[in-house]
Structures are given as C-alpha cells and as structure tokens.
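K.L.:
sequence first, predicted coordinates after that:
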Amino acid sequence: MTNTDRRTSPPPADDELRVPAETGRTSIFVPGETPRRRGLIIALSVLAGFLLTVVWSAEFVDRTIGDNVANTLLGHDAKETPISGVVAGVLFAFVSGIAGTFTACNVAAFGALAPLAGTSGGRLSRFLAPLRPLGWMAVGMIAVSATYGVVVGLVGTAMPQFSTASNTAGSLSPRSIQSMVVFGAIGLIMIYLGLAALRVVPDPFARISRRYPNAPLVFMGALIAGFLIGRPFSLFRQMFRDAAESGNPLYGAAAFTLQSIGNIVIMAVLFILLTWFAGSRLQRWFAARPSRLAATMAVAFLIAGAFTFLYWDIRLLARREIIPWYPTAPWA
C-alpha cells in the first residue's frame, strides 16, 4: 500500500502572520481607533486643566452668574429670602440647580458625551437619538441625588456639609474637607476615564458593557450627581440646610433630585440641539478618522479631571495657607 501524495499549503503571507491591532470599542468611553501621540494629548490636556485652575474665578461663576440667574428666575433675592414650605423648597432646588449649571466639571462631562451626538437616519431617529443617552444618564443621576437627599433628610444636621464654621488660615472646615474628598475622587475618576479612552489603562467598563451596554452612561449620570455632594456653592448649601433641618427624607430626595435635573437641563438642551442640527456632520467627521472619537473623549475627561483635582485639592490647600503657594490670576 502506497502513500498518496499530499498537497502542501503555501506559507502564509506576511500580512497573515500579523495579529491585527485592537481597534473596536469595548465601551462608549473607549471608542474606536487609538489616537497617535497619546503622550502629547495627555500632557496638553493636563496642562489645559491646570491653566483653567489658574484663571477660574468661583466668585464670578457662583455669584455674578449663579446668583443673578437664581434671582431672575425666582423674582427675589435667593439668598436673603427664606425658603418657606415644601413647594417653595422644590422650586428653589430646581432653580438653584439651573443657576449652578456653568461649572467646569458639568460642561466637561457633557463635552465628553458630544461624540454621541453623531447620528444618521430619518427624521424620527434623529429626533430620538439624544433622548436615549440622556435617559440612561438620568437613571444614574437620580439614583445618587435621591439617595443623598434621603440621607440629608435623616441625618443632614450632623453632616460636615451642614457646618457653618468659618474657614481660617492654616485649617480646613468640615465642609471643605468633604468637598476635597468628593471632588478629589471625581477628578481622579475622570482622569482615569480619559486615560482609558486612549487605552493607556484598562477600560473599567469592558466587562460589564458586554451585558449592560448602557452601564457607562448610568455611571456618568451618577458622577454628575456627585457634583452636588459637598459643593460649597452658597445656593446649594442653602438648599442642603433647608432639607437637613426639615428632617423629611422624601422632601430631601425630591429636592436633591430636582436640583440635579436643574443642574443639567441647559446642557441637555444644548446636547439635543447639537444632535438635531449637527449630528450627521459630526458622524462624518468622526468616521473620516476614527481616532478623533477617542481623542475627543480623552481630552474632555482629562481636562475636567485635572481641573477638578487640582482646583479642589491643591489650590484649596494654598488658599487656606496649608501649602505655601499656588499660581492664580489676579481676578481669581
């Protein structure tokens, strides 16, 4: 018995020997193709966040913009007029949320979601496209703000944010410590998300997104709601103290939920308008070079994260004269 001739396959071509690079997204925060010059993107983004801390004036944003917006919408001096009753408190919560819209963190959070505005299809699909990510963000936002409101209604008078102790040189008030802890953590999380978008660190949502694709959006909503925890904006603290003194957890949940909704309502409208009027153009722009998607998200998260951590942890220590110096503009 003789062996039959066997055909031998030709050796694979060079291209077939290479393992293709991973370019598919693992979650909405780690999208598409990895950009080139990642080190430069990180360095410039962190530098931009640092420079923003140098020129940022909380007094201008909170008092000139925030207080005037609240006074106009309420029709009276928001700080000087006591909150009388549940209805007035709920209205005050929503208006104070709108007045606190224009913070660097809030703007950057929606900036990171701008790539989601790219859409195509018919008129109905373009109309519904922005509502889905906003809806899932609202789930996370309401869960955190309502829970925090319940805690405030139950034990708020014993929380650091309730403290009226003045800030003195060389020390930190209890509410300043709460702000540093909360915003420092938020800043570091945003920095991590920016690095994950560039694939420098693992995507924290890679595993859970396979089963729950909208989990990153829910988390982003929770992160935005976290902005109101410990924020020293005077109107936010006024709402906090009213909810804490009421001892009513349902009122606290409703007030803080509406405050969070008010805090994003303007940015949500801008996001919807961007999707309706420029969604197809954005989609073509990102499709022309897929790495733009990751770069855009990374820049937004890194700038916001660097600003949040440096402003609320490092610059605050300098303002309390605990560390010797931090550069600030004359108007800041």
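P.N.:
The structure has been received and is ready for your questions. No experiment lies behind these values; they were computed from the predicted model shown.
K.L.:
against Y251, how distant is G149?
P.N.:
G149 sits 8 Å away from Y251, going by CB to CB, to the nearest Å. Where C-beta positions appear, they are placed from N, C-alpha and C, glycine not excepted.
K.L.:
quick one, which of those two is more surrounded?
P.N.:
G149 (29 against 20; other CB atoms under 10 Å).
K.L.:
just the element for that one, please.
P.N.:
Element membership for G149 (DSSP states H and E) is helix 131-155.
K.L.:
and what of T81?
P.N.:
Counting by DSSP H and E, T81 is part of no helix or strand.
K.L.:
returning to that earlier point: what do G149 and Y251 both touch?
P.N.:
Common neighbours of G149 and Y251 are listed as A243 (criterion: CB atoms under 8 Å, 6 or more residues apart in numbering).
K.L.:
list the buried residues in the helix holding G149.
P.N.:
Buried residues in helix 131-155, counted by 16 or more other CB atoms under 10 Å: 133-134, 136-138, 140-142, 144-153.
K.L.:
that helix - what's its average pLDDT?
P.N.:
Helix 131-155 carries an average pLDDT of 91.
K.L.:
quick one: residues in contact with it.
P.N.:
Where contact means CB under 8 Å, 6+ apart, the residues beyond helix 131-155 that reach it are 113, 116, 159, 214, 217-226, 228-229, 240, 243-244, 246-257, 259-261, 264, 268, 271-272.
K.L.:
6 Å instead?
P.N.:
Identification of contacts with helix 131-155 by CB atoms under 6 Å, 6 or more residues apart in numbering yields 116, 214, 217-222, 224-225, 229, 243-244, 248-249, 252-253, 255-257, 260, 268.
K.L.:
if any of the residues you listed are buried, give me the PyMOL selection for them.
P.N.:
PyMOL command restricting the contacts of helix 131-155 to the buried ones, with burial defined by 16+ other CB under 10 Å:
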select buried, resi 116+214+217+218+219+220+221+222+224+225+229+243+244+248+249+252+253+255+256+257+260+268
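K.L.:
filter the contacts of helix 131-155 down to just the ones in helices.
P.N.:
Secondary structure assignment by DSSP state H places 217-222, 224-225, 243-244, 249, 252-253, 255-257, 260, 268 of the contacts of helix 131-155 in helices.
K.L.:
the stretch 51-200 of the chain: helices as residue ranges?
P.N.:
58-59, 68-74, 86-99, 104-113, 123-128, 131-155, 174-197 (DSSP state H, counting those that start in this stretch).
K.L.:
just give me the neighbour total for L52.
P.N.:
Residues within reach of L52, counting by other CB under 10 Å, total 18.
K.L.:
and the pLDDT at it?
P.N.:
As predicted, L52 sits at a pLDDT of 91.
K.L.:
can you name the residues that contact it?
P.N.:
Contacts of L52 (CB under 6 Å, 6+ apart): F307.
K.L.:
the one 10 residues further on now?
P.N.:
With contacts defined as CB under 6 Å, 6+ apart, the neighbours of D62 are F233.
K.L.:
repeat that with 10 Å
P.N.:
Residues counted as contacts of D62 (CB atoms under 10 Å, 6 or more residues apart in numbering) are A99, G100, F102, T103, R231, P232, F233, S234, L235, F236.
K.L.:
how far off centre is the helix or strand harbouring L40?
P.N.:
Assigned by DSSP H and E, L40 belongs to helix 38-55. Distance, stretch centre to chain centre, for helix 38-55: 17 Å (CA atoms, centre = their mean, to the nearest Å).
K.L.:
circling back to that earlier point, narrow the contacts of D62 to those that are buried.
P.N.:
Those of the contacts of D62 that meet the buried threshold are A99, G100, T103, R231, P232, F233, S234, L235, F236, by 16+ other CB under 10 Å.
K.L.:
can you pull the contacts of the nearest residue to the fifth one once chain neighbours are set aside?
P.N.:
If you skip the residues right next to it in sequence, P232 has S179 as its closest partner in space, 5.7 Å away by CB to CB, 6 or more residues apart in numbering. Shown here is S179, whose contacts under the criterion CB under 10 Å, 6+ apart are P160, Q161, L172, S173, I229, G230, R231, P232, W312, D313, L316.
K.L.:
swap in 6 Å and give it another go.
P.N.:
G230, P232, W312.
K.L.:
buried set for stretch 202-220?
P.N.:
Per 16+ other CB under 10 Å, stretch 202-220 contains these buried residues: D203, P204, F205, S209, N214, A215, P216, L217, V218, F219, M220.
K.L.:
nearest spatial neighbour of the fifth one, skipping sequence neighbours?
P.N.:
On the basis of CB to CB, 6+ apart, the spatially nearest residue to N214 that is not a chain neighbour turns out to be W136, at 4.4 Å.
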